[in-house]
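**Q** 3D model of this:
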Amino acid sequence: ARAYRGPGGRGALLARLAADLAPGRPPPRRDVEGWQIRIDRDGAEVGEDAVLALPGRPPSPVRARLDLVREGGGWAIAAGL
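**A** As a prediction, this is how the structure comes out:
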């Protein structure tokens, strides 16, 4: 979302994603196993259960919680990445 409110704000998130997805860096593997979604008017909460595999480490289960807002005719992540 334009008004991303996670730690450090949108700029910090974009910098972290650029570093995580830099050329030559092996991407992590994330296999999503399920979602739980609760919608309330112009917002939504999404729970995501997945298995994350990082290079050189065994796969491990992870749970994420994302806050979504309506933006530009669709949904945008406002927090949780």
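**Q** The protein: helices as residue ranges?
**A** Ranges of helices within the chain are 9-20, based on DSSP state H.
**Q** Now do the contacts for the most centrally placed residue in the chain.
**A** Closest residue to the average C-alpha location of the chain: Leu81 at 3.7 Å, with C-alpha atoms, centre = their mean. Neighbour list for Leu81: Tyr4, Gly6, Leu13, Leu17, Leu66 [criterion: C-beta atoms under 8 Å, 6 or more residues apart in numbering]. C-beta coordinates here come from the backbone N, C-alpha and C atoms, glycine included.
**Q** mind checking how far it is from Gly6?
**A** 6 Å (C-beta to C-beta, to the nearest Å).
**Q** Please apply the same query to Gly34.
**A** To Gly6, Gly34 is 22 Å away according to C-beta to C-beta.
**Q** neighbour count winner among those two?
**A** Gly6 (17 against 8; other C-beta atoms under 10 Å).
**Q** OK, contacts around that one?
**A** Ala12, Leu13, Ala79, Gly80, Leu81.
**Q** can you check Arg63 too?
**A** Contacts of Arg63 (C-beta under 8 Å, 6+ apart): Gly47, Glu48, Asp49, Ala50.
**Q** cool, and Gly43?
**A** Counting by C-beta under 8 Å, 6+ apart, Gly43 has contacts Asp67, Leu68, Val69, Arg70, Ala78.
**Q** a markdown table for these, including neighbour count and pLDDT?
**A** Shown next, in a markdown table, are the contacts of Gly43 (neighbours: other C-beta atoms under 10 Å; pLDDT from 0 to 100):
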| residue | neighbour count | pLDDT |
| --- | --- | --- |
| Asp67 | 18 | 94 |
| Leu68 | 20 | 94 |
| Val69 | 17 | 93 |
| Arg70 | 15 | 93 |
| Ala78 | 21 | 92 |
